[in-house]
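Participant: let's see this in three dimensions:
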Amino acid sequence: MTYTLLVTLLLAVGAALAVAALVATPAARRRTHLLAVLATAVVMVALTAIFDSLMIKAGLFAFAEEKLSGFAVGLAPVEDLIYALACALALPALWVLLRRGRG
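Facilitator: Next up, the predicted model:
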């Protein structure tokens with residue numbers, strides 16, 4: 001399995017959860033929710049690009065080149081950035097969905 005396929009599946013799950021949470025969010029709070037998720041995603045992807053590049057440059061880890069798409073931001077493969085994006089979508093969505101039944 002390639003990293004691209006793996007992160008595509010993860011991103012699909014994150015996106016589905018985000019849509020479900022958006023539907024469950026009251027209309028008056030949707031804009032605020034969307035802006036918070038967007039800001040979180042931008043920061044997470046930027047920090048992942050920076051720190052992954054630093055760790056790769058330091059030789060702390062490497063990726064199997066044949067399983068990568070070949071696209072990168074700095075030294076960080078784009079597949080690695082998608083993990084951060086998927087988490088930025090999924091975790092707030094889970095928070096909204098799991099708290100939905102509470103007061």
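Participant: show me where this protein has strands.
Facilitator: Using DSSP state E, the strands of the chain run over 72-73, 76-77.
Participant: got a markdown table for the ones you listed, with mean neighbour count and mean pLDDT too?
Facilitator: To be clear about C-beta, it is placed using only N, CA and C from the backbone, and glycine gets the same treatment. A markdown table is the format used below for those (neighbours: other Cβ atoms under 10 Å; pLDDT from 0 to 100):
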| stretch | mean neighbour count | mean pLDDT |
| --- | --- | --- |
| strand 72-73 | 17 | 90 |
| strand 76-77 | 22 | 90 |
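Participant: export these to CSV and append columns for distance to residue 57.
Facilitator: Shown next, in CSV, are those (distance: least, Cβ to Cβ, whole Å):
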stretch, distance to residue 57
strand 72-73, 12
strand 76-77, 10
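Participant: quick one: closest of these to residue 59.
Facilitator: When those are compared by Cβ to Cβ, strand 76-77 sits nearest residue 59, at 14.3 Å.
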